[in-house]
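S.K.: Build me a model:
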Amino acid sequence: MYDNKDKTIIDFLEKNARTSFTDIAKSLNISETAIRKRVKKLETEGIILGYKANINYKKLGYLNKVVMGVDTTPKDYFKVINALKKLDFVKELTTSSGDHMIMFNVWIKNLDELNKYLEKVNSIEGVIESCPSILHENIK
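M.R.: Just a heads-up that it's a prediction; the model follows:
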């Protein structure tokens, strides 16, 4: 079972995956070895799925993040998902029960690039509609 110490470890790693086990151990007043064992258990049991860098795409020359909603025919749903997974510009891909069946994130350098991406998405067999939302500022 998981306790408050596990939750605290997860909180630390969510804020900064590079937080040292020593720093986490000091805050919980337990040994670094205990932290290592807990993290290993959280990884083994599939609670911590991995670690990734949080990239500032604007400093790399990208203008905006775009969240794209995609609707498909029911019979082509999984085919569309698999096609989107293969596109390099798709940064995060999720299914949804909201306004659109599939959602993904992409970073664009300009509106021409967005139009190019829209053309690629709309050319996938089974895509009925794609609806981009350009995000301007990340608050939190």
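S.K.: Not counting its own residues, what contacts the strand or helix carrying I9?
M.R.: Assigned by DSSP states H and E, I9 belongs to helix 4-15. Residues from elsewhere that reach helix 4-15, judged by Cβ atoms under 8 Å, 6 or more residues apart in numbering: 19, 23-24, 27-28, 30, 35, 38-39, 42, 47-48, 51. All C-beta spots, glycine's among them, are computed from the backbone N, C-alpha and C.
S.K.: Out of the residues you listed, which two sit at the greatest distance?
M.R.: Spatially, the most separated pair among the contacts of helix 4-15 is I30 and Y51, at 21.6 Å (Cβ to Cβ).
S.K.: The two: which is more packed in?
M.R.: Neighbour tally, I30 and Y51, criterion other Cβ atoms under 10 Å: the higher count belongs to I30, 13 against 9.
S.K.: That one: what's it in contact with?
M.R.: Counting by Cβ under 8 Å, 6+ apart, the residues that I30 touches are K5.
S.K.: swap in F89?
M.R.: Counted by Cβ under 8 Å, 6+ apart, F89 has contacts V106, W107, Y117.
S.K.: got it, and Y51?
M.R.: So Y51 contacts L13, A17 (Cβ under 8 Å, 6+ apart).
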